[in-house]
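Engineer: next one to model:
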Amino acid sequence: MTATLDNPGDKVTAPCKLAHVVLRTSNFNKMRDFYLKFLGATVSFENELMALLTYDDEHHRLGIINIPDLAAKNPGTCGLEHIAFTYSDLQTLALVYLQRQKHGIERFWCINHGPSISVYTHDPDGNILESQVDCMTVEGATGFMTSDVYQTNPIGVDFEMKDLINRLKSGESEDEIKKRPTSGPRGIDSVPA
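Structural biologist: Residues are numbered from 1 along each chain as shown. This is a model prediction of the structure:
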């Protein structure tokens, strides 16, 4: 049955895309400058209250709101865990990693989750950012996430970015690099903060 205004049905219609994320900060200039570099973004709008940044065909993907005297982020409370940004391939992910290093933006964790390979970074306020490449189709990832391997270790297997870069430079195929290594059990307590 197709939903109509007279009979909307029980299931909520899914959005067509995620438009943007907005962050609150008392560290406005530092956060704006960080995200301009981190995302290779440009400013769509800015005043003393907010900055709206974009990096693609959307008018803004990230908003940063300037709110004086906010308390520091407390990782011991509930709330947003992280924001993830997808890159087209491992070559681009490695390039972005090296470019960010030149701006003093360092990663704190690199992991092959299985469905994706990810590099995690903190922004100046301590928010966690994931830069990732998909390793599987949606169907493949769904199948992997229902496997015993994923049930045993839903976190993934850590790696060093310099090793990934060396594998790419040696000519190893991205498909081979994307394969998640065999591992034993792993839980949330092994995830760096």
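Engineer: quick check: bridge partners of the most centrally placed residue in the chain?
Structural biologist: Nearest to the mean C-alpha position of the chain, by C-alpha atoms, centre = their mean, lies Ala84 at 1.8 Å. Assessed by DSSP bridges, Ala84 has beta-bridge partners Glu130.
Engineer: can you give the domain ranges for the chain?
Structural biologist: Domain assignment for the chain by automatic domain parsing gives 19-70, 82-181.
Engineer: I'd like those as a markdown table, with distance to Pro8 and mean pLDDT appended.
Structural biologist: From N, CA and C alone the C-beta is placed, and that goes for glycine too. Formatted as a markdown table, these follow (distance: least, C-beta to C-beta, whole Å; pLDDT from 0 to 100):
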| stretch | distance to Pro8 | mean pLDDT |
| --- | --- | --- |
| domain 19-70 | 22 | 98 |
| domain 82-181 | 27 | 97 |
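Engineer: may I have the strands that pair with whatever helix or strand Val119 lives in, each with its orientation?
Structural biologist: In this assignment (DSSP states H and E), Val119 forms part of strand 116-122. Using DSSP bridges, strand 116-122 pairs in its sheet with strand 107-112 (antiparallel), strand 128-134 (antiparallel).
Engineer: mind checking which of those strands is nearest Met31?
Structural biologist: Met31 lies closest to strand 128-134 among these, at 11.8 Å (C-beta to C-beta).
Engineer: in the closest one, which residues are buried?
Structural biologist: For strand 128-134, a neighbour-count test (16 or more other C-beta atoms under 10 Å) marks Ile128, Leu129, Glu130, Ser131, Gln132, Val133, Asp134 as buried.
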